[in-house]
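J.: Structure here, sequence nowhere to be found:
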């Protein structure tokens, strides 16, 4: 089981794929808060909700967690799926100029979540923790995607589903079923930890 005391204290970046307080916020923010209580320096980056203060970004401190919300011009429906324009560039830039000991993505296959983590892992050799909470590829969410999505983005979605887990240092799954699924997809058993939802 993954426990924060198994990690050396340091700087932790959590990357939320969606919009501040939306979608998986109910999972990622409590995780960030718990890490802060264990004396990690925690930053959580996300996309700003409509009308949030700030010109290009907003910084808030919630329960000892630094929350950085990046603005975007992309429609909310698309932004909430983890695809951004300004927010993507801002997240990449932030990761480029801030060194972290650990980086965590809640949906690595979403560009807004996976790439900032990979960049920090490549440049600063941070430990990358990638959550794999659901069946994303074939046999899962991919099957319910519309034909236009499969035609235009299907190749990336299927590639990213596995890439952001196989290249992570730790793969965090929510159940024994997902642990078995990850092992069948080639993830090393020693890299997988189960953290129930």
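T.: Yep, that arrived. Source: prediction; values computed, not measured. Residues are numbered from 1 along each chain as shown.

J.: which stretches of this protein form helices?
T.: 25-37, 76-79, 86-97, 111-124, 147-166, 176-184 (DSSP state H).

J.: looking at those helices, which is closest to residue 54?
T.: helix 86-97 (11.1 Å; C-beta to C-beta). To be clear about C-beta, it is placed using only N, CA and C from the backbone, and glycine gets the same treatment.

J.: And the closest one, what's buried?
T.: By neighbour count with 16 or more other C-beta atoms under 10 Å, helix 86-97 contains the buried residues 86-88, 90-92, 94-95.

J.: just stretch 119-128 next, same as before
T.: Those would be 119-121, 126-128, for stretch 119-128 by 16+ other C-beta under 10 Å.

J.: ok, of these, which one's closest to residue 8?
T.: residue 127 (9.4 Å).

J.: Show me the beta-bridge partners of the closest one.
T.: Judged by DSSP bridges, the bridge partners of residue 127 are residue 102.

J.: my guess is it meets residue 102, correct?
T.: Yes - using C-beta atoms under 8 Å, residue 127 is in contact with residue 102, at 4.9 Å.

J.: picking up where we left off before, which one of the buried residues of stretch 119-128 is nearest to residue 166?
T.: Of the buried residues of stretch 119-128, the one sitting nearest to residue 166 (C-beta to C-beta) turns out to be residue 128, at 11.0 Å.

J.: Compile the buried residues of helix 86-97 into TSV and extend it with columns for distance to residue 162.
T.: TSV is the format used below for the buried residues of helix 86-97 (distance: C-beta to C-beta, whole Å):
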residue	distance to residue 162
86	28
87	25
88	21
90	27
91	22
92	22
94	26
95	22
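
J.: picking up where we left off before, out of the helices of the chain, flag the one nearest residue 66.
T.: Here helix 25-37 is closest among those (C-beta to C-beta), at 9.0 Å.

J.: list the helices and strands that closest one packs on?
T.: strand 11-19, strand 41-47, strand 65-70 (3 or more C-beta pairs under 8 Å, 6 or more residues apart in numbering; DSSP states H and E).

J.: what angle separates that helix from strand 11-19?
T.: 170 degrees (axes from the mean of the first three to the mean of the last three C-alpha atoms, to 10 degrees).
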